[in-house]
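K.L.:
let's see this in three dimensions:
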Amino acid sequence: MSIDLERTFIGACYNFTQDSKVIDELWRDLQKSYSDKDRHYHTLDHIKALCELFMEYRQIPHKHNLLLLSVFYHDVVYQPLKKENEFQSAKFAEKVMKRMNMNAPQIRTVVQQILATADHKKTAESDTNFLIDLDLSILGAQPKVYEEYRHNIRKEYHQVPQFIFNRGRRKVLNGFLKKSRIYIHKPIYERFEEQARKNIKTELELIS
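P.N.:
Numbers count the residues shown, from 1 in each chain. Purely as a prediction, here's the structure:
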C-alpha cells in the first residue's frame, strides 16, 4: 500500500485545525527536520513506511489521527549521540499541537506515545503499543531490506569507532532477543516476530 505522505499528514492535522497556512508551515518544518544530511534511516522514508503499515492495520488503533501525529513526530528530533531524542521530539510535538489548538488530553496522549518509543516497553495503552510495534517493524523486514536498514543505522553513527558501535549494537539487539515477544499486537507479532529474530541473530553473528 503506497500513500502520499504529505496528504496523509495534512489529513491528520485537518482534524484539529482548518488553518491551511499553519498546516503548510508544519509540513515544511517536518520535511526540513527529516531531511537533515546526517539522517540515513530516520528519514521521511521511515515515516512513510510506518504510515503505510498503519493503514494496513488501521483496525487496531482507537484514536487514528492522534496516533498518526505520533508517527509523524516520534523521530522529528534525532541526533544519534544524544540520549534525549524522544523527549525532545515530544517537546517539539507539544509545541506543534498547541499551534493547532489541540486540547490538553490530546496533547498528553501524543507526548506519552512518543516518549514510549524510547525503550519500546509494553504499556497499558493499546494505541501506544501499536506505535511501538510499528517502530520496530523494520526488525522483521525481509533480509535485503533489513541489511539496508543495518547499513543506514551505521551511517548515522559514522563518527563512532566500529568496535564501540558493535558493542552498543549487540546490547540493543540482545535486549530484543531476551523479550518473550518483540511485538505486542497479535497480527503484527504473527507477521514479523519470526523474521525479526532471524534478522537479529544474523546481525549478531556479523558483529560478534
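
K.L.:
average pLDDT for the strand or helix carrying Phe130?
P.N.:
Assigned by DSSP states H and E, Phe130 belongs to helix 126-135. Averaging pLDDT along helix 126-135 yields 98.

K.L.:
what's the first helix or strand after it?
P.N.:
Counting by DSSP H and E, what follows helix 126-135 is helix 143-156.

K.L.:
next secondary structure after that following helix?
P.N.:
Next element after helix 143-156 (DSSP H and E): helix 162-178.

K.L.:
for that following helix, buried residues please.
P.N.:
165-166, 169, 173 (16 or more other Cβ atoms under 10 Å). Backbone N, C-alpha and C define where each C-beta goes, glycine included.

K.L.:
kindly report the same for stretch 33-48.
P.N.:
33-34, 39-44, 46-48.

K.L.:
which one of these is nearest to Leu5?
P.N.:
Lys48 (4.9 Å; Cβ to Cβ).

K.L.:
list the contacts for the closest one?
P.N.:
The contact partners of Lys48, taken as Cβ atoms under 8 Å, 6 or more residues apart in numbering, are 3, 5.

K.L.:
which SSE is it in?
P.N.:
helix 44-56.

K.L.:
need the max-distance pair from the buried residues of helix 162-178.
P.N.:
Spanning the widest gap among those are Phe165 and Leu173, at 12.1 Å by Cβ to Cβ.

K.L.:
find the residue at the geometric middle of this structure.
P.N.:
Asp135 (4.0 Å; Cα atoms, centre = their mean).

K.L.:
now that residue: closest residue in space that isn't a chain neighbour?
P.N.:
Spatial nearest neighbour of Asp135, chain neighbours left out: Thr117 (5.2 Å); criterion: Cβ to Cβ, 6 or more residues apart in numbering.

K.L.:
and the one you found, what pLDDT?
P.N.:
In this model, Thr117 is scored at 98, pLDDT.

K.L.:
what is the burial count for it?
P.N.:
21 (other Cβ atoms under 10 Å).

K.L.:
and if you look at Asn101?
P.N.:
Other residues close to Asn101 by other Cβ under 10 Å number 11.

K.L.:
sec struct for the residue nearest to it when sequence neighbours are not counted, please.
P.N.:
Leaving out its chain neighbours, the residue that sits closest to Asn101 by Cβ to Cβ, 6+ apart is Thr17, at 6.1 Å. Three-state assignment for Thr17 (DSSP: H, G, I helix; E, B strand; the rest coil): coil.

K.L.:
with that, I have no additional questions.
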